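Undergrad: show me how the following folds:
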Amino acid sequence: MPETAPLVEAVDSLAARLRSMPQSRLLGPVPGHPSRAAAALALARWLAAAAQSAEGHPLREFPDAGAFVVGDQLAVAGHDLAAALAALPADGSVPLPEPLGGPAPAAAVLAAALTRVAATTALCT
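TA: Now for the predicted structure:
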């Protein structure tokens, strides 16, 4: 089981930043995305898909509930992935679908999640 506390902390920090962000910044464009909210939603969708894969569930589309709840959506998706990875054995793997990178060891999925959270955090500063 990989240590998931760094993922939870990083997701919680970014979620708090998004929740307190003024509308003008939240809806402002960033490289690769029409807004910071859209960048965070893309991250939440990746985290949710990885969590669903780790739990052996079929992938379901993560909804766009609006810019003003994206921090909450991100927190839920990040915590779901952390819980799913924590439940796997130390040498466990995640059957990610090819669009998400294909099957990977749980530690690699955790590292990818942390990298994605850091990149989105950089966009949202």
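Undergrad: count the neighbours of residue 65 for me.
TA: Close neighbours of residue 65, defined as other Cβ atoms under 10 Å, add up to 12. Where C-beta positions appear, they are placed from N, C-alpha and C, glycine not excepted.
Undergrad: also residue 98?
TA: 7.
Undergrad: measure it to residue 49 for me?
TA: Separation of residue 98 from residue 49 (Cβ to Cβ, to the nearest Å) stands at 12 Å.
Undergrad: and the pLDDT for residue 1?
TA: Confidence at residue 1, expressed as pLDDT, is 61.
Undergrad: sorry, wrong one. I was asking about residue 8.
TA: 98.
Undergrad: which residues of this structure fall in helices?
TA: For the chain, the helices defined by DSSP state H occupy 5-20, 23-26, 36-54, 70-86, 106-123.
Undergrad: the residue nearest the centre of the chain: what's it in contact with?
TA: Central residue of the chain (Cα atoms, centre = their mean): residue 47, 3.4 Å from the mean position. When contacts are counted by Cβ atoms under 8 Å, 6 or more residues apart in numbering, residue 47 touches 11, 74, 77-78, 80-81, 113, 116.
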